[in-house]
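A.B. asks: with the sequence up front, the predicted model follows.
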Amino acid sequence: MTQWYLYPLLGAAVGVVASFCGLGGGFIMVPLLLLLGFEAQRAVGTTFVMIMLVALSALFAHTRLENVDWRMGLLLGIGGAIGAQLGPALLEFVPTSIFKKIFALLLIFVSLRLLLGK
């Protein structure tokens, strides 16, 4: 997709889905970027810029609705920030072709759990 002006529209669509579901949008944006020809490492890294902006915007909206448990969110965030330092280092050793398969299997697994679980 060489039309740069379509990227904000794509981001907006992902932002709606992400803030509705409580997700950062990476599960949607990473596969889209892979389909656009990005290497796995660049797709993931680029997606985190979008996730940061979507997450902040969604946090403000959910705060206005008083739907935020700040203590729990901060505790989870501290652990997540520590764990997030390992992921990029590991990803450097995974070829895009293998990453696509791992990502697809993860999405299938989570989808089946949500669909078939209680």
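C.D. replies: Nice, I can see it. Numbers count the residues shown, from 1 in each chain.
A.B. asks: correct me if wrong: residue 32 contacts residue 7.
C.D. replies: No. Using Cβ atoms under 8 Å, residue 32 is not in contact with residue 7; the gap is 10.3 Å. Where C-beta positions appear, they are placed from N, C-alpha and C, glycine not excepted.
A.B. asks: more crowded one of the two?
C.D. replies: residue 32 (16 against 12; other Cβ atoms under 10 Å).
A.B. asks: contacting residues for the more buried one?
C.D. replies: By Cβ atoms under 8 Å, 6 or more residues apart in numbering, the contact set of residue 32 is 10, 14.
A.B. asks: name the element it belongs to?
C.D. replies: Secondary structure from DSSP states H and E places residue 32 in helix 26-35.
A.B. asks: which is the succeeding secondary structure element to that helix?
C.D. replies: Past helix 26-35, the next helix or strand by DSSP H and E is helix 40-64.
A.B. asks: just checking, what packs against that next one?
C.D. replies: Applying 3 or more Cβ pairs under 8 Å, 6 or more residues apart in numbering; DSSP states H and E, one finds that helix 40-64 makes contact with helix 6-21, helix 26-35, helix 86-91, helix 96-116.
A.B. asks: which among the ones you listed is found nearest to residue 66?
C.D. replies: Minimum separation from residue 66 across those (Cβ to Cβ) falls at helix 6-21, 15.8 Å.
A.B. asks: right, I'll leave it there.
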